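Novice: Provided below for reference: sequence and predicted model.
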Amino acid sequence: VQLVESGGGLAQPGGSLRLPCAASGFTFSNYAMSWARQAPGKGLEWVSGIDSDGGGTYYADSVKGRFTISRDNDKNTVYLQMNSLKPEDTAVYYCAAKYFRGSYDPGEYDYWGQGTQVTVSS
């Protein structure tokens, strides 16, 4: 099983980044997917989730209206489009997979990627 995030980097406040997460080694379309992040010195925070069929999407209040999660089950990839970035969005971003139904609790996820660093600074 592998989850491989990419697309991180340095962005200016108000800028945008798009994070893909490529999955392999399991039946992607059977799994709900989420993104979580960990800022320096802080705990892991759930950010956004999407149902296995893409029919439902969910967001933390801190990113609602700025971030968009999507998935392509043909490409076994989940995406996080991040717009209107703020310095407080600086963190390592992880994608995670949970069989059948998603959760707001990162501890309930089955598989995790290695993370990609996002830094928002002028």
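Specialist: In hand now; what should we look at?
Novice: which residues in this structure form strands?
Specialist: Shown for the chain, the strands assigned by DSSP state E span residues 2-5, 9-11, 17-24, 31-38, 44-50, 57-59, 67-72, 77-82, 91-99, 111-112, 116-120.
Novice: looking at the sheet around the residue most central in space within the chain, what are its partners?
Specialist: Nearest to the geometric centre of the chain sits Trp35, at 2.4 Å (C-alpha atoms, centre = their mean). Using DSSP bridges, the bridge partners assigned to Trp35 are Ser48, Cys95.
Novice: Let me see the contact set for it.
Specialist: Shown in contact with Trp35 (C-beta atoms under 8 Å, 6 or more residues apart in numbering): Leu19, Cys21, Val47, Ser48, Gly49, Ile69, Val78, Leu80, Tyr93, Tyr94, Cys95, Ala96. C-beta here means a position set from N, CA and C on the backbone, and glycine is covered the same way.
Novice: again, only using 6 Å
Specialist: If you count contacts by C-beta atoms under 6 Å, 6 or more residues apart in numbering, Trp35 has them with Val47, Ser48, Leu80, Cys95.
Novice: Columns neighbour count and distance to Tyr109 on top of the residues you listed, output as a markdown table?
Specialist: Output for the contacts of Trp35, formatted as a markdown table (neighbours: other C-beta atoms under 10 Å; distance: C-beta to C-beta, whole Å):
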| residue | neighbour count | distance to Tyr109 |
| --- | --- | --- |
| Val47 | 24 | 13 |
| Ser48 | 25 | 13 |
| Leu80 | 27 | 15 |
| Cys95 | 30 | 9 |
